[in-house]
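K.L.:
generate coordinates for the sequence data below:
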Amino acid sequence: MKALLFTCFLVPWLASGSAQRSNQDSQLIPGSVAGRELGGYFTDQIALKSRRRALPPHADMADEPDDSPIPEGGDATDLPTCLLCVCLTGSVYCEEVSPDMTAVPTLPKETAYLYARYNKINKITAKDFADIVTLRRIDLTGNVISEIEDGAFSKLTLLEELSLAENRLVKLPMLPAKLTTFNANYNLLRTKGVKATAFKKLTKLVNLFLANNQLEAVPQFPESVRIVHLQNNNITEISADTFCKGNDTYYLRPNLSEVRMDGNPVLLSKYPNSFTCLKSLPIGRYN
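P.N.:
Numbering: from 1, shown residues only. Predicted coordinates for the structure are as follows:
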């Protein structure tokens, strides 16, 4: 009998494929198309099915996924994750899933890398990642997420890279302590929705992308940060303590090498003492 359920379909030819979405306005997590693990992957279901049909004739048909059409009006949550997505050891790829994926799928226990971009996920609950403590990278770019429950990422002690870009967030939850890259470009974030300590305690954070939001002020961030993107927000002023320490003229901040503030109302030339600790001036409006 042909198996109806299929768990993590391994295909040796997958490493030769590539599917990468480029978006110059949105800073995606570096390596978010899994180049380091796979050398690329197929998300086009037609390509996947044609490859499956090209398997050698002696291949065990019991291991082939069911290609029967999904009933019209079906929901992605009604199907096993690895039937909807591409699953490889430690990685799950769910991009532009049809039928619409409206929630984070149930993940295999060993998942380290999740790519669920350009779907219709609208909420992240505290249960979604509660049992997947092995996660190192999550990319949820291009969904419609407007709410993230408290504690949704609290158990992800290994998580290093998180992208929530191109969603509908108005506030941020508590973030994992080991994050090195966080991307929330193109959301609806205002300063009141970002706690004062949201990034300050992330002592390993290197890249912080908050462009194209509605922030009125520059958030605090740790000494480890090298790149900060805040362009196209509503920032109207900064202070001597925004990037430096106003009471310490000898203080230097050598790690911070790129600050983008273009597209904000603030006139940076009004605050010359705010950049004395930096290697280079922030990008923005000076006249």
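
K.L.:
and the helices in this protein, which stretches?
P.N.:
If DSSP state H is used as the criterion, the helices of the chain fall at 35-38, 45-53, 81-84.

K.L.:
residues contacting the nearest residue in space to I283 that is not next to it in sequence?
P.N.:
Nearest non-adjacent residue to I283, counting by C-beta to C-beta, 6 or more residues apart in numbering: R260, 4.7 Å away. To be clear about C-beta, it is placed using only N, CA and C from the backbone, and glycine gets the same treatment. Contact analysis of R260 by C-beta atoms under 8 Å, 6 or more residues apart in numbering lists A211, V228, H229, L230, Q231, P282, I283, G284.

K.L.:
residues contacting the first one?
P.N.:
A211 makes contact with D25, Q27, N185, Y186, H229, L230, Q231, N232, N233, R260 under the criterion C-beta under 8 Å, 6+ apart.

K.L.:
what subset of those is buried?
P.N.:
By neighbour count, with 16 or more other C-beta atoms under 10 Å, the contacts of A211 hold Q27, N185, Y186, H229, L230, Q231, N232, N233, R260 as buried.

K.L.:
how near is E110 to L135?
P.N.:
Applying C-beta to C-beta, to the nearest Å, one obtains 10 Å for the distance of E110 from L135.

K.L.:
between these two, which is the more surrounded one?
P.N.:
Legend: neighbour count by other C-beta atoms under 10 Å for E110 and L135, higher for L135 (23 against 11).

K.L.:
how far away is the more buried one from G90?
P.N.:
Separation of L135 from G90 (C-beta to C-beta) stands at 10 Å.

K.L.:
now for these two: what residues contact both?
P.N.:
Residues touching both L135 and G90 comprise T111, A112, Y113, with contact defined as C-beta under 8 Å, 6+ apart.

K.L.:
list the contacts of N187.
P.N.:
N187 makes contact with L164, A165, E166, N167, R168, L169, V170, N212, N213 under the criterion C-beta under 8 Å, 6+ apart.
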